[in-house]
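1. sharing a sequence plus its predicted fold:
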Amino acid sequence: MSGYFKMNQTCEPNDSLMTTEYIYDELNTPCDKDDVRRLRAQLLPPIYSLVFIFGVVGNALVILILIKYKQLRSMTDIYLLNLAISDVLFVLSLPFWAYYAANEWVFGNVMCKLLSGVFYIGYYGGIFFIILLTVDRYLAIVHAIFAMKARTLTFGVLTSVVLWAVTILVSLPGFIFHKAQKEGFHYTCSPHYPANAEKSWKLFVILKMNILGLGIPMGIMIFCYTEILKTLFRCRNEKKKHKPVRLIFIILIVFFLFWTPYNVVYLLFAFNDKGPLNTCESSKRLDLALLLVEMISLCHCCLNPLIYAFAGEKFRKYLYSFFQKLIPSQYRCAYCPTGPADISERHSSVYTPSTTDHDISAII
């Protein structure tokens, strides 16, 4: 018979020090979760470190190419830039959480609040700018004539500023409720909600992550990309149709594969004191599941540069040009292109693209 249990620490996405003990009121027996904590201490630091390195390097290259070569000429460039910045913010806190996963929190209360808030800003910012990129593609391909007026650089900057304000607003609970304090023999950095509304706040935060982090993005992406695919299949040029279709399926599949398991497991934490989940063994399995999906979802910010930038032919050529300039002239390939000026538009002399075709080529 399982009794009601009380967690001595709430589990959050960036709360690397997991709960190690559950107290059952009826049986007064602890649920020892030291094995879960040891596993996190072994797995998370190297995973966090790798994600940090690849995330910073990959997104820094995207930012460099967008500013140096593409010079932020379009609304798409603005959204790509902000997506890269969001991913950088997301991974900047990972070295601190990596240390915390293997040790106690030693960085103080201010850093606890700051890093938790930055983590959430990067998390929500990345998802929100993926939505904007989806809408941008939708307008450029499905409503091409309207997009010629609406998709301006000014509008891209304005919508980005508004979205950053919304991102900060939805991330405020991370700043407000996270704090560092001594629990038992260790210092922790975790959310501490008001005692009289603890369950309500916990449920609100979990539902907010599922609605804003998965439900709404999934609905928008399915609608937009369905309409995009319909338009592309009516496109006259078969060569221009193949690449966008392939890229669209990559975007959808990667987003759902990396974030759906995390949000589903995290949602189960809202009901871990009810029914079959109200046991020590079930709680430990839930913690292990969260550990696995957390490692998987973190890798998504490293893949964003590959999906949204490096998968494009022009981005690959800009990147090649950048690295070519780093190589001393005597070691360079004599027959290779040396700069963006060498990037040719082969089809420009063959035919005049339609409005839709032009917008597709501009995106990829």
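-> On my side now, so go ahead. Numbers count the residues shown, from 1 in each chain.
2. ok, residue 159 - contacts?
-> The contact partners of residue 159, taken as CB atoms under 8 Å, 6 or more residues apart in numbering, are residue 132. Where C-beta positions appear, they are placed from N, C-alpha and C, glycine not excepted.
3. buried set for the longest helix seen in the chain?
-> Criterion DSSP state H: the longest helix present in the chain is helix 108-142. By 16 or more other CB atoms under 10 Å, the buried positions in helix 108-142 come out as 112-142.
4. which other helices and strands contact whatever helix or strand comes next after it?
-> Next helix or strand after helix 108-142 toward the C-terminus (DSSP states H and E): helix 144-150. The contact analysis (3 or more CB pairs under 8 Å, 6 or more residues apart in numbering; DSSP states H and E) places helix 144-150 against helix 108-142, helix 355-363.
5. which one of those lies closest to residue 180?
-> Proximity to residue 180 (CB to CB) singles out helix 108-142 among those, at 4.1 Å.
6. and the helices in this protein?
-> Using DSSP H, the helices of the chain run over 34-65, 75-92, 94-102, 108-142, 144-150, 153-177, 198-210, 216-233, 238-268, 280-298, 300-304, 313-326, 355-363.
7. avg pLDDT for the second one?
-> So the one you mean is helix 75-92. What helix 75-92 shows for mean pLDDT is 91.
8. ok, now the fourth one?
-> Per-residue confidence for helix 108-142 averages out to 91 on the pLDDT scale.
9. pretty sure residue 72 contacts residue 65?
-> No - using CB atoms under 8 Å as the test, residue 72 is too far from residue 65 to be in contact (10.7 Å).
10. ok, those two, which is more surrounded?
-> Each of residue 72 and residue 65 has its neighbours counted (other CB atoms under 10 Å); residue 65 has more, 26 against 15.
11. where does the residue nearest to the more buried one when sequence neighbours are not counted land on pLDDT?
-> Residue nearest to residue 65 in three dimensions, not counting chain neighbours: residue 318, with 4.8 Å by CB to CB, 6 or more residues apart in numbering. Note on residue 318: pLDDT of 79.
12. neighbours of residue 318, just the number please.
-> Neighbour number of residue 318 under other CB under 10 Å is 22.
13. and the gap between residue 220 and residue 137?
-> As for residue 220, its distance to residue 137 is 11 Å (criterion: CB to CB, to the nearest Å).
14. same question for residue 84.
-> Using CB to CB, one obtains 17 Å as the distance from residue 84 to residue 137.
15. what does residue 34 give?
-> 48 Å.
16. please apply the same query to residue 215.
-> Taking CB to CB, one finds residue 215 at 20 Å from residue 137.
17. again, but for residue 143
-> Residue 143 is 11 Å from residue 137, by CB to CB.
18. equivalent analysis for residue 164, please.
-> Using CB to CB, residue 164 is found at 21 Å from residue 137.
19. repeat for residue 205
-> 31 Å.
20. burial of the residue nearest to residue 136 when sequence neighbours are not counted, as a residue count?
-> Using CB to CB, 6+ apart and skipping residues adjacent in sequence, the residue nearest residue 136 is residue 76, 5.5 Å away. Here the number of neighbours of residue 76 (other CB under 10 Å) works out to 22.
21. I'd guessed residue 76 sits against residue 135; true?
-> No - counting by CB under 8 Å, residue 76 stays clear of residue 135, with 10.9 Å between them.
22. burial count for residue 206?
-> Number of residues near residue 206 (other CB under 10 Å) recorded here: 18.
23. got the contact list for the spatially closest residue to it that is not a sequence neighbour?
-> Closest residue to residue 206 apart from its sequence neighbours, by CB to CB, 6+ apart: residue 270 at 4.5 Å. Contacts for residue 270 were tallied using CB under 8 Å, 6+ apart; they are 202, 203, 206, 207.
24. mind checking which of those residues are buried?
-> 202, 206.
25. could I get the contacts of residue 270 as CSV with pLDDT?
-> Formatted as CSV, the contacts of residue 270 follow (pLDDT from 0 to 100):
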residue, pLDDT
202, 86
203, 86
206, 87
207, 89
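26. adding distance to residue 251, write the contacts of residue 270 out as JSON lines.
-> Formatted as JSON lines, those follow (distance: CB to CB, whole Å):
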{"residue": "202", "distance to residue 251": "32"}
{"residue": "203", "distance to residue 251": "31"}
{"residue": "206", "distance to residue 251": "26"}
{"residue": "207", "distance to residue 251": "25"}
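27. just curious, which of the contacts of residue 270 is nearest to residue 147?
-> Of all the contacts of residue 270, residue 147 sits closest to residue 207, with 34.2 Å by CB to CB.
28. quick one: the residue lying closest to that closest one once chain neighbours are set aside and residue 165, what's the gap?
-> Nearest non-adjacent residue to residue 207, counting by CB to CB, 6+ apart: residue 270, 7.2 Å away. Taking CB to CB as the measure, residue 270 falls 28 Å from residue 165.
29. low-confidence ranges, the protein, go.
-> Low-confidence segments of the chain (pLDDT under 70): 1-30, 236-248, 272-278, 308-311, 328-364.
30. residue 134 is in contact with residue 79, correct?
-> No - between residue 79 and residue 134 no contact is recorded; they are 9.6 Å apart, counting by CB under 8 Å.
31. now list whatever residues contact both of these two.
-> Counting by CB under 8 Å, 6+ apart, no residue touches both residue 79 and residue 134.
32. before we move on, back to that, between the helices and strands packed on helix 144-150, which one is closest to residue 257.
-> Nearest of the helices and strands packed on helix 144-150 (CB to CB): helix 108-142, 14.2 Å.
33. could you tell me the end-to-end distance of stretch 87-102?
-> 24 Å (CA to CA, to the nearest Å).
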